[in-house]
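**Student:** From the sequence below, what's the structure:
(one chain, ligands or ions: 1)
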Amino acid sequence: MMTTKPSTRSIVSIADLSKEEILDLIELASWFEKHPDSKILDGKVVATLFFEPSTRTRLSFETAVNRLGGRIIGFSDPAATSTSKGETLKDTIKMVANYVDLIVMRHYLEGAARYASEITDVPVINAGDGAHQHPSQTMLDLYSIHKTQGRLDDITVTMVGDLKYGRTVHSLLMALSHFRARFRFVACDELRMPEEFRTFCDRNNIEYVESKDFSPEVIAETDILYMTRVQRERFTDLMEYERVKDLYNLDAQMLGVAKSSMKVLHPLPRVNEIAQDVDDDPRAYYFQQAKNGLYARQAMICTALGIDPRK
Ligand code: CP
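**Tutor:** The predicted structure follows:
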């Protein structure tokens with residue numbers, strides 16, 4: 001029989017979640033994969049406020065709510081809202097909070113989701129804030145790793161491409177710090193993993209090796225190959241973007257040295273960093289990974305609302 005916990009909570013950063021809470025969310029996501037249409041959000045209204053473009057995150061959050069019997073309001077084009085008349089983020093959040101039980105928000109400013117969570121009692125889930133954090137992507141990444149590797153502990157994760165602006169790699173690195181992961185960071189100088197995250201690894205005794213070379217040796221030792229898009233929208237200098245955008249591309253032939261158990265993940269969208277011929281390799285997992293987002297987000301929505309359907 002379902003019970004409702006009294007307390008709600010925001011999920012703004014992956015650092016808001018303890019190891020035990022992450023493991024519980026994975027277990028809950030697994031439950032939702034078996035029961036995706038449980039009508040446990042009957043009477044709940046969720047707002048999806050997307051100040052930046054999205055396909056997967058917004059649609060999977062909205063599918064998650066719809067399948068659970070809740071209702072959705074929101075926008076995907078801020079130009080069609082009173083933001084375009086000069087309304088502040090503060091006022092927008094305070095207005096929307098009058099109408100809903102939960103806010104899911106993507107914003108181009110780092111820290112916007114934290115700010116939103118501090119000015120309202122309605123829980124906020126961060127659906128990506130600038131180059132900072134993307135905790136729901138991380139939960140679906142962790143769920144995908146757990147499903148494909150049978151564990152989260154002692155995994156060698158190679159992150160390739162835009163490690164500077166990539167909020168997904170930043171969030172994933174922090175989450176995997178609970179699980180003794182080993183990292184390989186493959187990036188050019190311009191897109192190197194930022195110092196704050198290298199310092200985080202040093203302080204937490206997390207093994208990492210940096211390389212500019214996307215070599216067969218790196219691929220061969222990898223359990224999870226996490227490819228990323230070089231994000232044009234994050235560059236102020238478009239000449240720099242042109243210089244670095246095609247440096248790291250994966251094709252099917254390169255997977256010849258990879259473990260059979262290895263999986264290629266990508267938060268998507270991709271541009272050309274994964275060739276189409278990789279899609280037919282059994283190690284390509286990015287489309288299933290995106291599907292896992294539905295279950296991971298159902299788990300996060302219910303956790304934010306204090307609802308546990310397993311009880
Ligand atoms: N991975 C991800 O955030 O995709 P969207 O930008 O399409 O939501």
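**Student:** Spell out which parts of this protein neighbour the ligand.
**Tutor:** S54, T55, R56, T57, G128, Q137, P267, L268, P269 (C-beta under 6 Å from any ligand atom). The C-beta positions use only the backbone N, C-alpha and C, and glycine is treated the same way.
**Student:** what about the first one, helix or strand, and which?
**Tutor:** To tie it back to what came earlier, the one meant is S54. Using DSSP states H and E, S54 maps to neither a helix nor a strand.
**Student:** Which residue is the nearest non-sequential neighbour of it?
**Tutor:** R106 (5.8 Å; C-beta to C-beta, 6 or more residues apart in numbering).
**Student:** That neighbour falls within a helix, correct?
**Tutor:** No: under DSSP: H, G, I helix; E, B strand; the rest coil, R106 falls outside any helix and is assigned strand.
**Student:** Residue ranges in the chain under the pLDDT threshold?
**Tutor:** 1-6 (pLDDT under 70).
**Student:** if you set the cut-off to 50 instead, what comes out?
**Tutor:** Within the chain, the stretches with pLDDT under 50 are 4-5.
**Student:** So which residue is dead centre in it?
**Tutor:** Q137 (1.5 Å; C-alpha atoms, centre = their mean).
**Student:** Not counting sequence-adjacent ones, nearest residue to it?
**Tutor:** Nearest non-adjacent residue to Q137, counting by C-beta to C-beta, 6+ apart: T168, 4.9 Å away.
**Student:** Then V160?
**Tutor:** Sequence neighbours aside, V186 is the residue nearest to V160 in space, at 4.4 Å (criterion: C-beta to C-beta, 6+ apart).
**Student:** swap in T83?
**Tutor:** Using C-beta to C-beta, 6+ apart, the nearest residue to T83 is T92, at 6.3 Å.
**Student:** Okay, and that neighbour sits in which element?
**Tutor:** helix 89-97.
**Student:** ok now that helix, how far from the chain's centre?
**Tutor:** 24 Å (C-alpha atoms, centre = their mean, to the nearest Å).
**Student:** helices or strands next to that helix in the packing?
**Tutor:** Helices and strands touching helix 89-97, by 3 or more C-beta pairs under 8 Å, 6 or more residues apart in numbering; DSSP states H and E, are strand 45-50, strand 102-107, helix 112-118.
**Student:** helix or strand for the residue lying closest to A47 once chain neighbours are set aside, which one?
**Tutor:** Here the nearest residue to A47 in space, its sequence neighbours aside, is V100; by C-beta to C-beta, 6+ apart that works out to 4.4 Å. In the assignment (DSSP H and E), V100 maps to no helix and no strand.
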